[in-house]
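Chemist: Generate coordinates for the sequence data below:
(chains A, B, C and D, ligands or ions: 2)
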Amino acid sequence: MSTDPYSPEVRALFADPAHAGAIDDACCVELDDQGLRIALYATVEDGTITALRFLAWGCPHLIAAAEAFCRDYEGRDPGQLLEFSSSGLMQSLSVPVEKTGRILVLEDAVRSLGNVVREALKAQED
Amino acid sequence: MSTDPYSPEVRALFADPAHAGAIDDACCVELDDQGLRIALYATVEDGTITALRFLAWGCPHLIAAAEAFCRDYEGRDPGQLLEFSSSGLMQSLSVPVEKTGRILVLEDAVRSLGNVVREALKAQED
Amino acid sequence: MTDSESMIYLDYAASTPVEQGVLEAMTAAMTIDGNYANPSSTHAAGLYSNVLIADAAAKLAGLLNTQPERLIWTSGATESDNLAILGAASYRKDRGRHLISMRTEHKAVTDPFSELAKNGYDVTWLDPEPDGLLDIARLEDAMRDDTQLVSVMHVNNETGVIQDIAAIGAACRDRGALFHVDAAQSCGKLPVDLDDLPVDLMSITAHKFYGPKGIGALYIADRKGVHVEPLLFGGGQQRRLRPGTLPTQQIVGFGETAAIAAARMHEDFAHITQMRDRLWNGIRDVPGVRVNGTLDKGFPGILNVSVEDVEGESLLLAMEPFCVATGSACNSKSQEPSYVLRALGLGDDLAQSAIRFSFGRPTTEAEIDFAIERYRQGVARLREMAPGRAA
Amino acid sequence: MTDSESMIYLDYAASTPVEQGVLEAMTAAMTIDGNYANPSSTHAAGLYSNVLIADAAAKLAGLLNTQPERLIWTSGATESDNLAILGAASYRKDRGRHLISMRTEHKAVTDPFSELAKNGYDVTWLDPEPDGLLDIARLEDAMRDDTQLVSVMHVNNETGVIQDIAAIGAACRDRGALFHVDAAQSCGKLPVDLDDLPVDLMSITAHKFYGPKGIGALYIADRKGVHVEPLLFGGGQQRRLRPGTLPTQQIVGFGETAAIAAARMHEDFAHITQMRDRLWNGIRDVPGVRVNGTLDKGFPGILNVSVEDVEGESLLLAMEPFCVATGSACNSKSQEPSYVLRALGLGDDLAQSAIRFSFGRPTTEAEIDFAIERYRQGVARLREMAPGRAA
Ligand SMILES: Cc1ncc(COP(=O)(O)O)c(C=O)c1O
Ligand SMILES: Cc1ncc(COP(=O)(O)O)c(C=O)c1O
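Modeler: Numbering: from 1, shown residues only, chains lettered A, B, ... in the order given. Ligands and ions are numbered 1, 2, ... in the order given. Predicted coordinates:
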């Protein structure tokens, strides 16, 4: 039996969510599902994600997962958003089974963000 | 709630039953009742009980009561045996209710002893 | 508290530390130099254990102004509640099978009632008013000729709401129903005069007022028709109502707990009132904050507050190093919003944002001030982080 | 022991003092500097209490060679017996209503069975052989297709007789009956390997082997069809099988008790064997003295002896300052001759003259020698005082 429902990673991410916040005029999605709310913001330059931010109303695991996602995906190719899977985060953050549904909400949000970014890039190209 | 089922009197009488024993050729009764056994012995001289002894198989209260009876009735008029009532002993020895039946066995024995003594005295007179 | 020096405990409604005097009494009732003999034994050592138990019963009876013979030792309020409810229902089933309780009762009360409902009894669940109090008129309306038992708790474990058990009891007497009170949260903290109160059965437990966990009692009034069937069988202990070796150290600890509480009740009450008021005054201007229950008819040992637009679990984590409760400590492993708060009319989000602060003898002003700071910061931080509610 | 320094305790089968290590563990689980938080609480302090409980469960499971998840905490063996018997009977009532137990079981077993007998179950009471042992053939004869539960204790609390639970369990498995064992007297004293034994339910209690009173456990095997219905309802603790705040200090004390017992079992066994043998060798030549039960198939912690023509209560008083038992400590307030000894074929007088000496870690040779002296003197003195049996 573990003493702590939150892993050290979750605690650290929750305590200092450096990527919490909104970005004006960025690509953005908002999701309201299962009593949770997530908003994600992305700016892309030269085929690279230059900034990711999130807002979230939910449990510490969701907030930590959102923060971890933003941290990890800055600097990557925006196409990767479409392939984002939450399974890695679930493991690295030791998300308890009963909460995996919440992290899937984040997965949905990220993929939606990927679509929004793709549409925006397409629009730029057009 | 009392700590001790035995009063100090009962303890003292049980520890040192000076009148325990038999007397050969004395007036004697033996009773076997309610799983208890009592034998009482009395010698009478000049209209006075000169010695009382008892044997008993029973609980400490019975032994204490028998000892107290012997101690108290030496030197008395043997006629008093017939009027012996155990109620005084029950009180002075704090006999618990569930045991009063046993002390009544002693009462029976004492009264029987009174009868035996009376018969013996009558026989002497005759 | 545990290995982390830095935890700050504000969860005295869940459980409390034992007082030093309680520990000493317990120690003396279990070590090799103490009275460890089985109180069922008839030898001198056993009888002495029995005297200790009688002394403890006298102390507890003194606290509640009743006779020691009216108290049955149990393993805690959960067992007392079960013994009272299942035991009385079964003893009085000939009178009828209608039972009344409230939606805001502790699980230790609602669950035995639900069990009875599965077995041919008819249970009416009364709703509280929005402030948590029972409107006596509702109770009177619910009463029937076959109502045999009513159970309403004294102090609610989540909100601290104090029910008027004298008035409820009077209504029960009027209609010939037995009245059971779960007083787990009030015993030793509020005056309870069983000689005077129209209460037939009362459940109490030691660990909510600085006694050991795992020992409780059931008060059974000395009144015609008041009786319970036992739930456990074996041995002749406690007039066959509750067998098992009496746990001397637990009972002796409970007795000492009661004696200390009797002496300290006013002082304790003044202290927790001050703590509660200080905390509330420090956070009442936070936008969207509200008291669950009622401040003026509430037990000051408990302050339950919700706040709009903040997620409860994250708020709890933001409150660290404070140990506080959401929902009831007794079923807080479930993630479900508190059914007690729902019964008061709160929606899921508000119910989930509820934090129960509860205060105890060791609580200090510094702890309260720090709690205020943490609460305000936590709410502010989480709000900043929250997206506007999607349309 | 109590206020009188002069008492000498030889009643370790009734209860025992807690070890120093147990006391320390308990203290640390209830004082203000310790882990007093409610283990149901989800905050850090509560979770830490939970870790302590998990650790205790692991220790107890280690002693019995099973998994911690198989253990349900109760208030003692009485509750465990009730939960096992009433709970299994009710869970399996569809399979049939025939139950089997022995006349020499503890009241905590016989009374729940009697209760079931009043409620439509059919209970077969097996007689022991004169030495107290169960003849397996008798059990096999009694088995029926609708036999759903058999309960036979491990070590008898009055005589120390050890039943062959492996063989009994095997017979039960053959016929598809559940097997419950009251191991209150053997747990921590004899090796018990639950991984290996064909036992489905086992009741244990801490206070018989140097742990606190008021805490026990029920082992429930992880096997198809093995389950019990709860007796108490409320809260979600212990998978709903036994609700109520887990008494951390009691459980932690139990865990420590188990750990100490595991380490000391051989040493303890050798010591009590030496004590028992010394006592028996010192009194075996008293005319009319006899062992109740059996020496070679008996647990050496208990020596139960009767003597002809001596009244039991007076012998007990004559034995002072020794604290020893007649009959069972658990129902010794009744003056009735022990039903256990009666079932072994003893008449009232012999049963009433029985003294149960029971030995423990603290027992010394000097105590035994003094007990021998007192016993011989007491018997002699009371015999001198007894009238010849009237014809
Ligand atoms: C109101 C109420 N009733 C019953 C209980 C259960 O008490 P115990 O833990 O003694 O079983 C509690 C707390 O746990 C409580 O707050
Ligand atoms: C064999 C046996 N079973 C059950 C019990 C009851 O145990 P507890 O006192 O823990 O309820 C005892 C002793 O009291 C016992 O010796």
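Chemist: so where is the stretch 1-150 of chain C shaky, pLDDT-wise?
Modeler: Residue ranges of the stretch 1-150 of chain C with pLDDT under 70: C:1-5.
Chemist: Number of residues surrounding residue A:88?
Modeler: For residue A:88, the neighbour count with other CB atoms under 10 Å in any protein chain shown is 12. Yep, even glycine has a C-beta here, placed from its N, CA and C like the rest.
Chemist: Helix, strand or coil: sort out it for me.
Modeler: Of the three states, residue A:88 takes helix according to DSSP: H, G, I helix; E, B strand; the rest coil.
Chemist: can you pull the pLDDT of it?
Modeler: What the model reports for residue A:88 is a pLDDT of 94.
Chemist: Would you mind measuring from it to chain D?
Modeler: Using CB to the nearest CB, to the nearest Å, residue A:88 is found at 26 Å from chain D.
Chemist: Quick one: name the residues of the stretch 201-350 of chain C near chain D.
Modeler: C:205, C:207, C:212-215, C:231-237, C:243-250, C:316, C:320-326, C:329-334 (CB under 8 Å from any CB of the partner chain).
Chemist: try the stretch 51-200 of chain C
Modeler: Near chain D, when you scan the stretch 51-200 of chain C using CB under 8 Å from any CB, you find C:74-79, C:81-82, C:106-112, C:114-115.
Chemist: and these, which of them are in strands?
Modeler: For those, the ones inside strands are residue C:74, with DSSP state E as the criterion.
Chemist: Show the pLDDT at residue C:332.
Modeler: Value for residue C:332, per-residue pLDDT: 45.
Chemist: ugh, typo on my part, it should be residue C:237
Modeler: Per-residue pLDDT puts residue C:237 at 88.
Chemist: Can you say which helix or strand has the most centrally placed residue in chain A in it?
Modeler: The structure's chain A has its C-alpha centroid closest to residue A:66; by CA atoms, centre = their mean the separation is 3.8 Å. Under the criterion of DSSP states H and E, residue A:66 resides in helix A:60-73.
Chemist: does any part of that helix sit near chain C?
Modeler: Yes. Judged by CB under 8 Å from any CB, helix A:60-73 comes into contact with chain C at A:60, A:63.
Chemist: sorry, back to before: which ones are touching the residue nearest to the centre of chain A?
Modeler: A:17, A:19, A:38, A:40, A:54, A:56, A:106 (CB atoms under 8 Å, 6 or more residues apart in numbering or on different chains).
Chemist: Which of those fall in helices?
Modeler: The helices, defined by DSSP state H, take in residue A:106 from the contacts of residue A:66.
Chemist: Residue C:201 bridge partners, please.
Modeler: On the basis of DSSP bridges, residue C:201 is bridged to residue C:180, residue C:220.
Chemist: residues touching it, list them.
Modeler: With contacts defined as CB under 8 Å, 6+ apart, residue C:201 is in contact with C:84, C:88, C:178-181, C:218-221, C:226, C:228.
Chemist: For the residues of the stretch 201-350 of chain C next to chain D, which ChimeraX command selects only the ones that are buried?
Modeler: In ChimeraX syntax, the buried subset of those is picked out as below (16 or more other CB atoms under 10 Å in any protein chain shown):
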select /C:205,207,212,213,214,215,231,232,233,234,235,237,243,244,245,246,247,248,249,250,316,320,321,322,323,324,325,326,329,330,331,332,333
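Chemist: out of the residues of the stretch 201-350 of chain C next to chain D, which are inside strands?
Modeler: In strands, defined here by DSSP E, the members of these are C:205, C:322-323.
Chemist: just those now: which is nearest chain D?
Modeler: Using CB to the nearest CB, residue C:323 comes nearest to chain D of these, at 3.9 Å.
Chemist: what's the spacing between the residue nearest to that closest one when sequence neighbours are not counted and residue C:283?
Modeler: In this structure, residue C:323 finds its nearest non-sequential neighbour in residue D:43, 3.9 Å apart by CB to CB, 6 or more residues apart in numbering or on different chains. Distance of residue D:43 to residue C:283, given as CB to CB, to the nearest Å: 19 Å.
Chemist: Can you pick out the residue with more neighbours from these two?
Modeler: Using other CB under 10 Å as the criterion, residue D:43 and residue C:283 rank with residue D:43 on top: 27 against 19.
Chemist: What distance do you get for that one to residue C:10?
Modeler: Taking CB to CB as the measure, residue D:43 falls 10 Å from residue C:10.
Chemist: So for these two, which residues contact both of them?
Modeler: Jointly contacting residue D:43 and residue C:10 under the rule CB under 8 Å, 6+ apart are C:322-324.
Chemist: show me what contacts residue 65?
Modeler: Let's take chain A. Taking CB under 8 Å, 6+ apart as the test, what residue A:65 contacts is A:13, A:86, A:89-90, A:93, A:95, A:103, A:106.
Chemist: I was after chain C.
Modeler: Contact criterion CB under 8 Å, 6+ apart gives C:192-196 as the residues in contact with residue C:65.
Chemist: wait, is residue A:42 part of a strand?
Modeler: Yes. Under three-state DSSP, residue A:42 sits within a strand.
Chemist: now the closest residue to chain B within the stretch 151-300 of chain C: how far from chain A?
Modeler: Here the stretch 151-300 of chain C gets closest to chain B at one residue, residue C:246, 12.7 Å apart by CB to the nearest CB. The gap separating residue C:246 from chain A is 32 Å, by CB to the nearest CB.
Chemist: Now do the strands in chain C.
Modeler: C:8-9, C:71-74, C:98-102, C:122-126, C:147-151, C:178-182, C:201-205, C:216-220, C:289-291, C:302-307, C:322-323, C:355-358.
Chemist: would TSV of the ones you listed with distance to residue D:159 be doable?
Modeler: Converted to TSV, the strands of chain C look like this (distance: least, CB to CB, whole Å):
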stretch	distance to residue D:159
strand C:8-9	50
strand C:71-74	29
strand C:98-102	46
strand C:122-126	48
strand C:147-151	45
strand C:178-182	43
strand C:201-205	38
strand C:216-220	35
strand C:289-291	63
strand C:302-307	54
strand C:322-323	51
strand C:355-358	51
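Chemist: Could you provide those strands in a markdown table, with additional columns for distance to ligand 1?
Modeler: A markdown table is the format used below for the strands of chain C (distance: least, CB to the nearest ligand atom, whole Å):
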| stretch | distance to ligand 1 |
| --- | --- |
| strand C:8-9 | 16 |
| strand C:71-74 | 8 |
| strand C:98-102 | 12 |
| strand C:122-126 | 16 |
| strand C:147-151 | 11 |
| strand C:178-182 | 5 |
| strand C:201-205 | 3 |
| strand C:216-220 | 5 |
| strand C:289-291 | 19 |
| strand C:302-307 | 10 |
| strand C:322-323 | 16 |
| strand C:355-358 | 10 |
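Chemist: between those strands, which one is nearest to residue D:272?
Modeler: Proximity to residue D:272 (CB to CB) singles out strand C:71-74 among the strands of chain C, at 31.2 Å.
Chemist: For that closest one, name the packing helices and strands.
Modeler: Under the contact criterion of 3 or more CB pairs under 8 Å, 6 or more residues apart in numbering or on different chains; DSSP states H and E, strand C:71-74 touches helix C:44-64, helix C:77-91, strand C:216-220.
Chemist: can you list the ones you listed in a markdown table and add distance to residue C:387 and mean neighbour count?
Modeler: Formatted as a markdown table, the helices and strands packed on strand C:71-74 follow (distance: least, CB to CB, whole Å; neighbours: other CB atoms under 10 Å in any protein chain shown):
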| stretch | distance to residue C:387 | mean neighbour count |
| --- | --- | --- |
| helix C:44-64 | 53 | 22 |
| helix C:77-91 | 42 | 27 |
| strand C:216-220 | 47 | 27 |
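Chemist: Compare those and give me the one nearest residue C:99.
Modeler: Nearest of the helices and strands packed on strand C:71-74 to residue C:99, taken as CB to CB: helix C:77-91 at 6.4 Å.
Chemist: I'd like to know which elements that closest one is packed against.
Modeler: Helices and strands touching helix C:77-91, by 3+ CB pairs under 8 Å, 6+ apart, are strand C:71-74, helix C:107-118, strand C:147-151, strand C:178-182, strand C:201-205, strand C:216-220.
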